[in-house]
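Novice: 3D model of this:
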Amino acid sequence: MSMNQRIEPGCVYLQVLRNTLFLSPNEAASLFPNMTLDHWNNIESGRSPSPSMVMDRFNAIFEYRNKQLVMYRQMIESSPNARFDEFWFQTMDDWMAIDDHEPEGFRVTQSLNASLATEYPSRFKLYPFDLVGFTAWACGRPATAELLSEYLGFVSSPRAVTG
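Specialist: Numbers count the residues shown, from 1 in each chain. Reported below is the predicted structural model:
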């Protein structure tokens, strides 16, 4: 891109959405059939126009994320003495180990949890998810969202220290 060539605002907006959703350029490209990383980079840099389907899909994902954020904020603010705990999944493999988790939800959940943890640092606590620990604790039970919630209660509950 030459010094005189102008970057389109849509390109910057797309970068902001992608970064807010914690998506790498490669992950963003993978959301669209037949899109390569090079094509994605060309869109973000302004060398190629952004297909409307890209902006439509990202806006829809972002709107869903924002609706979830509003719902969680209302829940947190309506319970001033409550503490909220969630897992932080480091990898897509950890996220996908739970039966009903969809790949697209991984980054949306990270984005939500990061926002809530920074907005409510004393009330919204993140615990790193440990797949090995979860698997051992589950003792062969299916890795469902319900079991994950039970494990979060186990991980987040204060335990007596024995010496």
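Novice: Quick one: classify residue 101 as helix, strand or coil.
Specialist: Reduced to three states with DSSP: H, G, I helix; E, B strand; the rest coil, the structure at residue 101 is coil.
Novice: Would you check how far apart it and residue 70 are?
Specialist: The spacing between residue 101 and residue 70, counted by CB to CB, to the nearest Å, is 22 Å. C-beta coordinates here come from the backbone N, C-alpha and C atoms, glycine included.
Novice: Could you check how far the nearest residue to residue 31 once chain neighbours are set aside is from residue 141?
Specialist: Closest residue to residue 31 apart from its sequence neighbours, by CB to CB, 6 or more residues apart in numbering: residue 57 at 6.5 Å. Distance of residue 57 to residue 141, given as CB to CB: 35 Å.
Novice: and if you look at residue 129?
Specialist: Applying CB to CB, the value for residue 129 to residue 141 is 16 Å.
Novice: before we move on, the earlier item: what about residue 57 and residue 141, which has more around it?
Specialist: Comparing residue 57 with residue 141 by other CB atoms under 10 Å, the one with more neighbours is residue 57, at 16 against 11.
Novice: I'd say that one and residue 35 touch.
Specialist: No - Residue 57 lies out of contact with residue 35 (CB atoms under 8 Å); the separation is 10.9 Å.
Novice: ok, and the helix or strand in this protein with the lowest average confidence?
Specialist: Ranked by mean pLDDT, DSSP states H and E, the weakest helix or strand in the chain is helix 9-20, scoring a mean of 85.
Novice: quick one: contacts of that one?
Specialist: The contact list for helix 9-20, computed with CB atoms under 8 Å, 6 or more residues apart in numbering, reads 25, 28, 43-46, 50, 54-55, 58-59, 61-62, 65, 111.
Novice: what distance separates the lengthiest helix in the chain from the centre of its chain?
Specialist: Using DSSP state H, we find that the single longest helix of the chain is helix 52-78. Remark: helix 52-78 is offset 11 Å from the chain centroid, using CA atoms, centre = their mean, to the nearest Å.
Novice: Over to stretch 103-117?
Specialist: Relative to the centre of its chain, stretch 103-117 is centred 2 Å away, using CA atoms, centre = their mean.
Novice: in it, what counts as buried?
Specialist: For stretch 103-117, the neighbour count (16 or more other CB atoms under 10 Å) marks 106, 107, 108, 109, 110, 111, 112, 113, 115, 116, 117 as buried.
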